[in-house]
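[1] I'd like to go over a predicted model; first the sequence, then the structure.
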Amino acid sequence: MTTDFLIVGAGYAGSVCARVLADAGKTVHLIDKRPHIGGNAYDERDAHGVLIHPYGPHIFHTNAKKVIEFLSRFTTWRFYEHRVLAQVGEQLLPIPINRTTINQLYGLSLSEDEVQGYLETVREPRDPLQTSEDVVLNSVGRDLCDKFFRGYTRKQWGLDLSQLSAGVAARIPTRSNDDDRYFADTYQFMPADGYTAMFERMLDHPGITVRTGVDFKDVRGDFPGSHILYTGPIDAYFDHCYGPLPYRSLRFDHQHLPDTEHYQPVGTVNYPNDHDYTRITEFKHLTGEQHPGTSIVREFPQAEGDPYYPVPRPENEALFKRYAALAEAAQGVTFVGRLAQYRYYNMDQIVAAALKTAQDLLDGSPAAAA
Ligand code: FAD
Ligand code: UDP
């Protein structure tokens, strides 16, 4: 088949690149082995008509103006600030830890300054901050670490905080004020008609051909002369020649509750210490939809299954570097995306990476995974 680009994966990485390349006059053939576009951000209506995220809750947030501007070509937005409570004992407490968390947990009534002073007395200073345990102990000390982070992390990753790179726990800030938003970014919105509708518009271009239900391994040889843009797991592209890169998987247990206005007070409730699942998300909070019932999802982390998260720790980074060296040496192929770059990237970071990769390709300096 003749096309300028064969793009593998119709998630953010593949779809953003497809659109930028097509806008520049290139022809693009975009495949995904799943039966739909959107990658892990795909959303759809469940059997009861509620808009859900089959691959777990996706909340859009960014500080990058160019990212929101690019996506705004394909969607309008609904203002939404995500809030999360953690069940600790009998209490539901704000996470990230803030003034309310500390006052309610310990039965105190500290001011903002006093919370800062309290954290100074309980934190265990660490330098350098190498592991996620260092990060959490350094900011909130052992008791809060054990109540909010250690159990959740053990469930989510199958590892102790001390076995994970600092960046994992560093995603969660600590606050001494009453700000109870999960994210502090400038732009916090959900696509008004959902993610899938946004992807449909992004890919609606005469230069783009989309084929779902097609695995790269079955069509690998069918595009001689096309540049390949690969967004799947990098180790799979190289037939796992150095052994498998660890990716963490999840099982999603979706449930619809009829005649229930709301199941829980906020979008997500985390369960750091109880149950086998990490969190429950109720989609109506995210989408603002009206429906007599409500739909929720429980996330059960597991080792086997579809790859969802790279596992940030030094030995995995070292293995990734070996694959990245192969990627750099490979001719006619470019790697971009959360699985291809083995980076714990949010949606907006993938959009930014894809915008840059596509522009580099157009400028004639193909970027490889790095
Ligand atoms: P993906 O979306 O994984 O797309 C890659 C695509 O490649 C897949 O569709 C896959 O089927 C396809 N593919 C792989 N191999 C092949 C092959 N051999 N042949 C054909 N197709 C192939 N980010 C946020 O910003 N906010 C959030 O709230 C958020 N929540 C998340 C919750 C969960 C549970 C998870 C797992 C991730 C979350 N993310 C969130 C991160 C977000 O999902 C990613 O940043 C983003 O979807 C990555 O896009 P991508 O294109 O790199 O990868
Ligand atoms: N985390 C935790 N307790 C919480 C929330 C997060 O221990 O209540 C830790 C855990 O290791 C998790 C990481 O912080 O994997 C990042 O959390 P985030 O909510 O960003 O994870 P994601 O939404 O990407 O699954």
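    Good, I have the coordinates. Ligands and ions are numbered 1, 2, ... in the order given.
[2] need the residues of the stretch 251-370 of the chain near ligand 2, please.
    Residues of the stretch 251-370 of the chain lying near ligand 2 by CB under 6 Å from any ligand atom: 270, 272. (C-beta placed from N, C-alpha, C; glycine too.)
[3] what does the stretch 251-370 of the chain put close to ligand 1?
    So the stretch 251-370 of the chain meets ligand 1 at 308, 337-339, 345-348, 350 (CB under 6 Å from any ligand atom).
[4] The stretch 51-200 of the chain now?
    With CB under 6 Å from any ligand atom as the criterion, the stretch 51-200 of the chain meets ligand 1 at residues 55-59.
[5] Apply 5 Å and report the result again.
    56, 58-59 (CB under 5 Å from any ligand atom).
[6] Highest neighbour count among the residues you listed?
    Ile59 (21 neighbours; other CB atoms under 10 Å).
[7] hang on, Ile286 in a strand?
    Heads up, residue 286 is Leu, not Ile. No: read with DSSP: H, G, I helix; E, B strand; the rest coil, Leu286 is helix and lies in no strand.
[8] residues touching it, list them.
    For Leu286, the contacting residues are 53, 57, 59, 80, 82, 190, 267, by CB atoms under 8 Å, 6 or more residues apart in numbering.
[9] was I right about the second one contacting Phe283?
    Yes: taking CB atoms under 8 Å as the definition, Pro57 is a contact partner of Phe283 at 7.4 Å.
[10] Who has more neighbours out of these two?
    Legend: neighbour count by other CB under 10 Å for Pro57 and Phe283, higher for Phe283 (22 against 19).
[11] separation between that one and ligand 2?
    Using CB to the nearest ligand atom, to the nearest Å, Phe283 is found at 15 Å from ligand 2.
[12] I figured that residue hits Gly49, correct?
    No: assessed by CB under 8 Å, Phe283 is found out of contact with Gly49, at 11.6 Å.
[13] residues in contact with the residue of the stretch 151-300 of the chain at minimum distance from ligand 1?
    Scanning the stretch 151-300 of the chain for the residue nearest ligand 1 gives Gly232, at 2.7 Å (criterion: CB to the nearest ligand atom). Counting by CB under 8 Å, 6+ apart, Gly232 touches 8-9, 216, 337, 339-340.
[14] of these, closest to Lys356?
    Gly337 (12.4 Å; CB to CB).
[15] Please list all residues in contact with that closest one.
    Counting by CB under 8 Å, 6+ apart, Gly337 has contacts 9, 11-14, 231-232, 350, 353-354.
[16] returning to what we had before: give the residues shared as contacts by Pro57 and Phe283.
    Common neighbours of Pro57 and Phe283 (CB under 8 Å, 6+ apart) are Val297.
[17] will you turn the contacts of Gly337 into JSON lines that also has secondary structure?
    Converted to JSON lines, the contacts of Gly337 look like this (three-state DSSP):
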{"residue": "Gly9", "secondary structure": "coil"}
{"residue": "Gly11", "secondary structure": "coil"}
{"residue": "Tyr12", "secondary structure": "helix"}
{"residue": "Ala13", "secondary structure": "helix"}
{"residue": "Gly14", "secondary structure": "helix"}
{"residue": "Thr231", "secondary structure": "coil"}
{"residue": "Gly232", "secondary structure": "coil"}
{"residue": "Ile350", "secondary structure": "helix"}
{"residue": "Ala353", "secondary structure": "helix"}
{"residue": "Ala354", "secondary structure": "helix"}
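[18] Save the residues you listed as a markdown table, and put in pLDDT too.
    Putting the contacts of Gly337 into a markdown table (pLDDT from 0 to 100) gives the following:
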| residue | pLDDT |
| --- | --- |
| Gly9 | 98 |
| Gly11 | 98 |
| Tyr12 | 99 |
| Ala13 | 99 |
| Gly14 | 99 |
| Thr231 | 98 |
| Gly232 | 98 |
| Ile350 | 98 |
| Ala353 | 98 |
| Ala354 | 98 |
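[19] which one among those residues gets closest to ligand 2?
    Ile350 (12.9 Å).
[20] so that closest one touches Gly14, yeah?
    No: between Ile350 and Gly14 there is no contact under CB under 8 Å: 9.9 Å.
[21] between those two, which one's more packed in?
    Of the pair Ile350 and Gly14, Gly14 is the one with more neighbours under other CB under 10 Å, namely 31 against 24.
[22] returning to that earlier point: may I see the contacts of Leu286 arranged in CSV, with secondary structure as well?
    As requested, the contacts of Leu286 are exported to CSV (three-state DSSP):
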residue, secondary structure
His53, coil
Pro57, coil
Ile59, coil
Tyr80, coil
His82, coil
Met190, strand
Gly267, coil
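[23] ranking those by neighbours, who comes first?
    Highest neighbour count within the contacts of Leu286, by other CB under 10 Å: His53, with 25 neighbours.
[24] is it true that that residue touches Val297?
    Yes: the pair His53 / Val297 is scored as a contact, 7.3 Å apart, by CB under 8 Å.
[25] any residues in contact with both of these two?
    With contacts defined as CB under 8 Å, 6+ apart, the residues shared by His53 and Val297 are 281, 283.
[26] Give me the pLDDT for the residue in the stretch 51-200 of the chain that ligand 1 sits nearest to.
    The stretch 51-200 of the chain approaches ligand 1 most closely through Gly56 (2.8 Å), counting by CB to the nearest ligand atom. Gly56 carries a pLDDT value of 98.
[27] contacting residues around it?
    By CB under 8 Å, 6+ apart, the neighbours of Gly56 are 40, 250, 252, 281, 297, 299, 308.
[28] For the stretch 51-200 of the chain, which segments are assigned as strands?
    Taking DSSP state E, counting those that start in this stretch as the criterion, the stretch 51-200 of the chain contains strands spanning 51-52, 60-62, 77-79, 84-88, 91-94, 187-191.
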